[in-house]
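1. sequence plus the predicted model coming up.
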Amino acid sequence: MKRVLYITICMVLARVVYSANAEDNAKAEVLLKKAESVYQLEKYSQAQDELRHLLKSFGSTLQAQKAAALLTDIYIRSKEYTKAARVVERFRRYYPGSRELPRMAYLNSILLMRGSKNTEAAEELVLVLNKSDSKSLHSQAQRALYHLVENGGLAPLALQDASDALENNEETQARLIELLGDLYLRQGQIYAARAVYESWMEEFSHRSEASRVEQSLKRASKERAAYVSVALMAPLSGELEEIGQTLIRGVILALEEYNLRKGIRIEYHLIDTE
């Protein structure tokens, strides 16, 4: 008898909770639709009011996650960057597994680029490319990453890291590696440019861009190295790999900073001592 009563009470409570959640979702959906409508009309102040009300009253709903992303977008458009950054921080704290995470990562990349934090911005854009199911968002992130690279916003090492972090995205990875070769070539790091183009041809020779990269490789092969070339020797594999990689990264960062300040005087190539 007690077991039957217990099950009955649980079923009643479940129905009450479900009913309450359904009601909250319905109210949140109305607010979200209203906010989206006025957003389309560029009535950002009114949209902000609706979105803040939604987040405050129905923060546990799926609509709240979409509202946070839309509110961040509005703050950026309104040049209220500090407010936008706060929403991003709170979103990641309260909704770590949200499907809106790629969209928030894209918006955060805009904030980071405004603060000249280009390496962090590239990491956010790679997250979008790896996780987003939206073709339009994927395309936006791809264009933003290319723009960042083509305008000299990333150092070679950061560009290489971004390319390595991409998952199942041959098109973007191929383009980034090609841009890395172009970057080395512009900087006068001829040996590095040749190595990158050769690596590209080995991995992506089946792509339509192969003829263009082949021409870049021929151009790099004809160039004379105008700067001092040094070999960086360290254990890059084996038992001491972690130590060697750490040392090399530190030296490369120092060389790149020196090159940027002094006008590109030293180029390097790696030698594995293992």
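-> Looks like it came in fine.
2. would you agree Ala121 is in contact with Met113?
-> Yes. The criterion here is Cβ atoms under 8 Å, and Ala121 meets it with Met113 at 4.6 Å. Placement of C-beta: from N, CA and C, glycine included.
3. more crowded one of those two?
-> More crowded of Ala121 and Met113, by other Cβ atoms under 10 Å: Ala121, with 27 against 19.
4. so Ala141 sits right up against Leu125, yeah?
-> Yes. Under the criterion of Cβ under 8 Å, Ala141 makes contact with Leu125 at 4.7 Å.
5. okay, these two: which has more neighbours?
-> Leu125 (28 against 25).
6. that one: what secondary structure?
-> helix (DSSP: H, G, I helix; E, B strand; the rest coil).
7. kindly report the same for Glu267.
-> Under three-state DSSP, Glu267 comes out as strand.
8. then Ile271?
-> Ile271 ends up strand, using three-state DSSP.
9. renumber starting at 30 from here on
-> Understood, numbering begins at 30; the last thing we discussed is Ile300.
10. ok, it to Val116 distance?
-> 48 Å (Cβ to Cβ, to the nearest Å).
11. what segments of the chain are helices?
-> With helices called from DSSP state H, the chain shows them at 31-69, 73-86, 91-106, 110-123, 130-143, 147-160, 164-179, 185-194, 199-216, 219-233, 239-251, 270-291.
12. turn the ones you listed into a markdown table, columns for mean pLDDT and distance to Ala260.
-> Shown next, in a markdown table, are the helices of the chain (pLDDT from 0 to 100; distance: least, Cβ to Cβ, whole Å):
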| stretch | mean pLDDT | distance to Ala260 |
| --- | --- | --- |
| helix 31-69 | 68 | 56 |
| helix 73-86 | 93 | 56 |
| helix 91-106 | 95 | 46 |
| helix 110-123 | 95 | 43 |
| helix 130-143 | 96 | 35 |
| helix 147-160 | 95 | 26 |
| helix 164-179 | 94 | 27 |
| helix 185-194 | 89 | 17 |
| helix 199-216 | 91 | 16 |
| helix 219-233 | 90 | 10 |
| helix 239-251 | 92 | 19 |
| helix 270-291 | 76 | 11 |
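13. for the ones you listed, give me TSV that also has distance to Ala263.
-> Shown next, in TSV, are these (distance: least, Cβ to Cβ, whole Å):
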stretch	distance to Ala263
helix 31-69	53
helix 73-86	50
helix 91-106	43
helix 110-123	36
helix 130-143	31
helix 147-160	23
helix 164-179	27
helix 185-194	15
helix 199-216	20
helix 219-233	17
helix 239-251	25
helix 270-291	4
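14. coming back round to it: joint contacts of Ala150 and Met142?
-> Taking Cβ atoms under 8 Å, 6 or more residues apart in numbering as the contact rule, Ala150 and Met142 both touch Leu177.
15. quick one, which of Ile300 and Val116 is more surrounded?
-> Neighbour tally, Ile300 and Val116, criterion other Cβ under 10 Å: the higher count belongs to Val116, 25 against 10.
16. returning to that earlier point: looking at the helices of the chain, which is nearest to Ser258?
-> Comparing those against Ser258 with Cβ to Cβ, the closest turns out to be helix 219-233 (6.1 Å).
17. using CSV, write out every CA atom in stretch 56-63.
-> Taking C-alpha atoms only, stretch 56-63 is exported to CSV below (Å, rounded to 0.1, in the frame of the first residue of the first chain):
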residue,chain,number,x,y,z
LYS,A,56,6.3,32.1,-21.7
ALA,A,57,10.0,32.2,-22.6
GLU,A,58,9.3,31.4,-26.2
VAL,A,59,6.9,34.4,-26.4
LEU,A,60,9.5,36.7,-25.0
LEU,A,61,12.2,35.4,-27.3
LYS,A,62,10.0,35.8,-30.4
LYS,A,63,9.2,39.3,-29.4
